[in-house]
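>>> Sequence and predicted structure below; questions after.
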Amino acid sequence: MEKPVQIPIQSLQHVGIPVSDIKISEKFYEKLGFSKVMHRTFIYEGEEGICVMMKREGVTIELYQLPEKELPSIKARKDGHIDHIAFDVPDIDAAFKALKSGGFRIIEDAPVKLEFWERGCRYFNICGPDDERLEFNQIL
């Protein structure tokens, strides 16, 4: 067995779920006891999308709605709506370096900064053996 890459994963940070109507999904999760802790827009292929983080105790769910032109593909899915799981790391650059040197297939060329949360976050994704996305994320 190969030696594991040394990355200090602190916890499961969030589970990302693509949704077709952010308002309906937000209300659904509120009914389950989740509260909105963040609401931001982002740019996807030149158009604006919406991201809402919902939290209940130690569980965070990322709901995101892609631009209108992407919605038919979201609605056509039959199962497997979870898009990615994200791990919380204390040093995104060290995690990137360790995974790159460990031979993992990294999607981004470098960690990406988003204006999410109070001071932003930086993240990158790797692909698992069945192309599942595993995100490594540092909230700044």
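Done, it's in.
>>> Beyond the least confident helix or strand in the chain by mean pLDDT, next helix or strand please.
Lowest mean confidence among the helices and strands of the chain (mean pLDDT, DSSP states H and E): helix 71-76, at a mean of 63. Next helix or strand after helix 71-76 toward the C-terminus (DSSP states H and E): strand 84-88.
>>> Work out for me the element the most centrally placed residue in the chain sits within.
The centre of the chain sits closest to Gly16, judged by CA atoms, centre = their mean, with a distance of 4.8 Å. In this structure, Gly16 sits in strand 11-18 according to DSSP H and E.
>>> Quick check: which helices or strands does that strand pack against?
strand 59-65, strand 84-88, strand 133-139 (3 or more CB pairs under 8 Å, 6 or more residues apart in numbering; DSSP states H and E). For glycine as for every other residue, the C-beta is placed from the backbone atoms N, C-alpha and C.
>>> check contacts around the closest residue in space to Ser11 that isn't next to it in sequence.
Counting by CB to CB, 6 or more residues apart in numbering, Ser11 lies nearest to Asp88, which is 5.0 Å off, once chain neighbours are set aside. If you count contacts by CB atoms under 8 Å, 6 or more residues apart in numbering, Asp88 has them with Ile9, Gln10, Ser11, Leu12, Gln13, Asn137, Gln138, Ile139.
>>> Okay then, goodbye and thanks.
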